[in-house]
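Undergrad: Provide a 3D model corresponding to the input given below.
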Amino acid sequence: MIARERRDAIIRTLKEHRTVEVKSLSESFGVTEETIRRDLEKIEAMDLGIYRVHGGAYLQKEFDKEVPIGLRENIILPEKRRIAAHCLELIHRGDSVMLDCSTTARCVASSIREAGLEVTVITNSLSISSTLADCDSVKLVCVGGTLRRSTHSFVGYLATRSLEQFHADKAFVSCSSLHLDFGITDYNESEAEIRRLMLRNADKRYLVADHTKLGKCGVNQIGGFELIDALIADCPLPEDWSRFLQAQGLELIGC
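TA: Predicted structure coming up:
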């Protein structure tokens, strides 16, 4: 199969399934992963609403640049587990913890389960609820609302109204993007509101973000950096980021 035919086949797959992974495409076409990455780079340049991410690509829904959860769950997983390990060190027996619908927060939930921590978890995530549903050591509080299938999360008026009634010792919240000038942002308005409320209603507020979020800006602002107490990242930050966050008085964990 020539390169053009392979790229056409990848585009057809994206239109049918919305996501592709580099590894599976490499195996399917019998070419190297680097070849697939070059294919995806050229496909992205065609301006078809197809975007590359680490480990794959996705077809954007209209006005929604958010990476589908099925793809997010499988990309940079070791980095997310590393962040979750740092989070687990901050959670103690008897704590009440808010977790958003991010795949990093799901890794935190899995770590809580594996450690058998006796905690209360408040979440709007269907995936986290499923992970902890039969975990006897966890008191699980599920925030109801309208199910957003692309993120397996509950959002909307009922979700925010419910969340306003809760307070937690700690909140572990992610975002779509982090920008030095525009702060903490998200691609979806409803998710931004949920995350803002979780941070406001917790005593200790942790932002969990891998390196792919840095320097990007979504449409909906969650808040400025004054909304958080610490940033938990997967690797050392660029020097300009380290200087900025330290000037804000923010704790850097795992960096």
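
Undergrad: residues contacting the residue nearest to G145 when sequence neighbours are not counted?
TA: The spatial neighbour of G145 that comes closest, neighbours along the chain excluded (Cβ to Cβ, 6 or more residues apart in numbering), is A159 at 2.9 Å. All C-beta atoms are positioned from the backbone trio N, CA, C, and that covers glycine. Contacts here follow Cβ atoms under 8 Å, 6 or more residues apart in numbering; on that basis A159 touches 124, 143-146, 190, 194.

Undergrad: From I128, how far out is A159?
TA: Distance, A159 to I128, by Cβ to Cβ, to the nearest Å: 14 Å.

Undergrad: again, but for R12
TA: Computed as Cβ to Cβ, the R12 to I128 distance reads 34 Å.

Undergrad: Tell me where the model's unsure across the chain.
TA: 1, 61-75, 255 (pLDDT under 70).

Undergrad: The helix or strand where the residue nearest to G145 lies: which residues count as buried?
TA: According to DSSP states H and E, A159 maps onto helix 157-163. Buried residues in helix 157-163, counting neighbours by 16 or more other Cβ atoms under 10 Å, are found at 159-160, 162-163.

Undergrad: Helices along the protein, start to end?
TA: 3-17, 22-29, 33-44, 69-72, 77-90, 103-115, 126-132, 157-163, 189-200, 239-247 (DSSP state H).

Undergrad: Extract the CA atoms of the longest one and return them as CSV.
TA: It refers to helix 3-17. Taking Å, rounded to 0.1, in the frame of the first residue of the first chain, the C-alpha atoms of helix 3-17 are listed here in CSV:
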residue,chain,number,x,y,z
ALA,A,3,1.5,6.3,1.4
ARG,A,4,-1.4,8.1,-0.1
GLU,A,5,-3.7,5.0,0.1
ARG,A,6,-2.6,4.4,3.7
ARG,A,7,-3.5,8.0,4.7
ASP,A,8,-6.9,7.7,2.9
ALA,A,9,-7.5,4.6,4.9
ILE,A,10,-6.6,6.3,8.2
ILE,A,11,-8.9,9.2,7.4
ARG,A,12,-11.8,6.7,6.7
THR,A,13,-11.1,5.1,10.1
LEU,A,14,-11.1,8.4,11.8
LYS,A,15,-14.4,9.4,10.2
GLU,A,16,-15.9,6.1,11.4
HIS,A,17,-14.5,5.7,14.9
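
Undergrad: That one vs helix 22-29, what angle?
TA: If you take axes from the mean of the first three to the mean of the last three Cα atoms, to 10 degrees, helix 3-17 sits at 120 degrees to helix 22-29.

Undergrad: Please state the offset of helix 3-17 from the chain centre?
TA: When distances are taken as Cα atoms, centre = their mean, to the nearest Å, helix 3-17 is centred 27 Å away from the chain's centroid.

Undergrad: List the contacts of it.
TA: With Cβ under 8 Å, 6+ apart as the contact definition, helix 3-17 has outside contacts at 1, 20, 25, 29, 31, 36, 39-40, 42-43, 48, 50, 57-59.

Undergrad: Buried subset of these, written for ChimeraX?
TA: To isolate the buried ones among the contacts of helix 3-17 in ChimeraX, judged by 16+ other Cβ under 10 Å, type:
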select :20,25,29,31,36,39,40,43,50,57,58,59
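
Undergrad: tell me which of the contacts of helix 3-17 is nearest to S150?
TA: Nearest to S150 among those is Y58, at 10.5 Å by Cβ to Cβ.
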